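Enquirer: next one to model:
(one chain, ligands or ions: 2)
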Amino acid sequence: MTGSRPAKDFFRPLAVGAPEPVREVPARPSRAIHFFDPSNAKMAAKVPDMVGTVDVLLGNLEDAVKADNKVAAREGLVEIAQATDFGPTQLWTRINALDSPWVLDDLTTLVPAIGDKLDVVMVPKVQGAEDIHYIDRLLAQLEAKAGLDRPILVHAILETARGVANVEEICGASPRMQGLSLGPADLAADRRMKTTRVGGGHPGYLVREDPPRVDGVANLEASRSTYQQDLWHYTIARMVDACAMHGIYPYYGPFGDISDVVACEDQFRNAFLLGCVGTWSLHPKQIAIANRVFSPSTEDVAHARRVVAAMGDGTGAVMLDGKMEDDASLKQCLVMVELAEQLAAIDPELKAAYDAIEVA
Ligand SMILES: CC(C)(COP(=O)(O)OP(=O)(O)OC[C@H]1O[C@@H](n2cnc3c(N)ncnc32)[C@H](O)[C@@H]1OP(=O)(O)O)[C@@H](O)C(=O)NCCC(=O)NCCSC(=O)C[C@H](O)C(=O)O
Ligand SMILES: [Mg+2]
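Expert: Ligands and ions are numbered 1, 2, ... in the order given. The predicted structure follows:
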C-alpha cells in the first residue's frame, strides 16, 4: 500500500480527465519561498520586479492576511498571476486552512483562473494523510474541469503535534506531495511550548557546562558557560527523514525577527546542514540570506569536486588532505555537486562563481 491506496492505483488520476500524476517530484531550486500578501497594494506592486531574483513567489492567503482582506487577497493573486510572466520563478500559494470558511473558494477560484501558472499549493495545519487525500481529489476534479495538462503539486506545513506524529504518512499520501515546511509558531502553540516567537531560538533553552571541581568537590559558585540549543532540531530532523524517504523536499519556515539577520542566517544554515533545501522569506531582506545559505559555498563545491575526481570509479578509499574519503563521503560530495549544478542552471552569478573554481 502507498498511503491508503494500493500501489497499482497510486499514480492513477483521481478524476476523469485530470492530468497524470508526476512519478518523480522535479528538483527545482527553491532556496527562498518569498511570502507576499496579494491584498497589500505596496507588496503586490513589488512582485513583478522580484521575478528572477527569488526562486519562489508565494501569494499568501492564510495567516497574516486580515479576515476582512481574504477575498481581496484571493482576487489580488489572480490579478497578479494573470498579469505577470514568472519566467524561471515558481508561483506558489498558501491557501487557508481546511477547516476555514475560505479554503473552498480559494481552490475553486484559483485553479480555473491561474491553475496553469500555479506550481505548488501550500496547505497549512495538515494533520494527517486524510487532509492530503481531500486536497488531492479536489485538485484533480478542478484540474480536469479547467483542462489543465500538468498537476499542481502540494506542500504541507507541519504545525500541529498530530501533524508531526503523522509526518511519514503525510509525505507519502499522494504523488502530488512536493515537500514540507516547519510552521514553528503554530506548532509551538499547539504543543503548548512556552515561547512567544515565530521560529528561531530561545535564550532559556540551553545546557550549562559542568561546575569546575576542586579536590573532587564541585564549585557551584563558579561562573559556567551556557550553550543555547536549537528548539527545532528534533522536528526538522524528523521532517528531513520523512521527506528523504518519500523523495520530496524539506524546508525550514518563517523566521519572524526580521531585524535579526544574523540569527536568521544561523537558523537557516542549521536547516541547510540538516538537509533542508530552502526556507521562507517574509521580508525582501531575507531573500538574499536564504539564497546565500541554501547555495553550497564555492569552498564546499571545490572540495566536493576534488573528492569526486580522486575517487575515480567511486569505490575504495583514498587520503585527501589527511582525511579518509570513501564511497560514503563521495555520495555526500555528489549531493553538493548536483545541487551546485541545479542552482548554476538558474543563477548566472553562482554559475560564474562555480565555473571559476579550479580543481587542485
Ligand atoms: C513583516 C512585515 C509586516 C514588515 O512590513 P513593513 O513594516 O512594511 O516592512 P518595511 O517597512 O521594512 O518594508 C520595506 C518595503 O518592503 C515592502 N515589503 C515588506 N515585506 C514585503 C514582502 N513580504 N514582499 C514584498 N514587499 C514587502 C514594504 O511594503 C515596504 O515597501 P515600501 O514602503 O514601498 O518601501 C511584512 O514584511 C510582512 O507582512 N511580511 C509577510 C508576513 C507573512 O507573510 N507572514 C505569514 C508567514 S509566517 C506564518 O504564517 C507563521 C507560520 O505559519 C507558523 O505557524 O510558524
Ligand atoms: Mg502557521
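Enquirer: when you work out contacts or count neighbours from here on, use the C-alpha atoms and nothing else.
Expert: Will do.
Enquirer: which residue sits closest to L142, ignoring its sequence neighbours?
Expert: What sits nearest to L142 in space, not counting adjacent residues and going by C-alpha to C-alpha, 6 or more residues apart in numbering, is V111, at 6.4 Å.
Enquirer: wasn't that neighbour part of a helix?
Expert: Yes: secondary structure of V111 (DSSP: H, G, I helix; E, B strand; the rest coil): part of a helix.
Enquirer: how about it, what does it touch?
Expert: By C-alpha atoms under 8 Å, 6 or more residues apart in numbering, the contact list for V111 reads 118, 139, 142-143, 146.
Enquirer: between these, which sits nearest ligand 1?
Expert: Nearest to ligand 1 among the contacts of V111 is L118, at 18.0 Å by C-alpha to the nearest ligand atom.
Enquirer: does that closest one sit in a helix, a strand or a coil?
Expert: Criterion first, three-state DSSP; result for L118: coil.
Enquirer: who in the stretch 51-200 of the chain is up against ligand 1?
Expert: 63-64, 159, 183-186, 198 (C-alpha under 6 Å from any ligand atom).
Enquirer: per-residue pLDDT of the residue of the stretch 1-150 of the chain found nearest ligand 1, please?
Expert: Proximity to ligand 1, evaluated over the stretch 1-150 of the chain using C-alpha to the nearest ligand atom, is greatest for M43 at 4.0 Å. Reading off the confidence values, M43 has pLDDT 97.
Enquirer: let me know the secondary structure of it.
Expert: M43 is classified as helix under three-state DSSP.
Enquirer: burial count for it?
Expert: 14 (other C-alpha atoms under 10 Å).
Enquirer: quick one: contacts for it?
Expert: With C-alpha under 8 Å, 6+ apart, M43 has these contacts: 36-37.
Enquirer: make 3 the first number, not 1, from now on.
Expert: Shifting the count to begin at 3 puts that one at M45.
Enquirer: what's the burial count for D65?
Expert: D65 has 14 nearby residues by other C-alpha under 10 Å.
Enquirer: scratch that, S6
Expert: That count, for S6 with other C-alpha under 10 Å as the rule, works out to 14.
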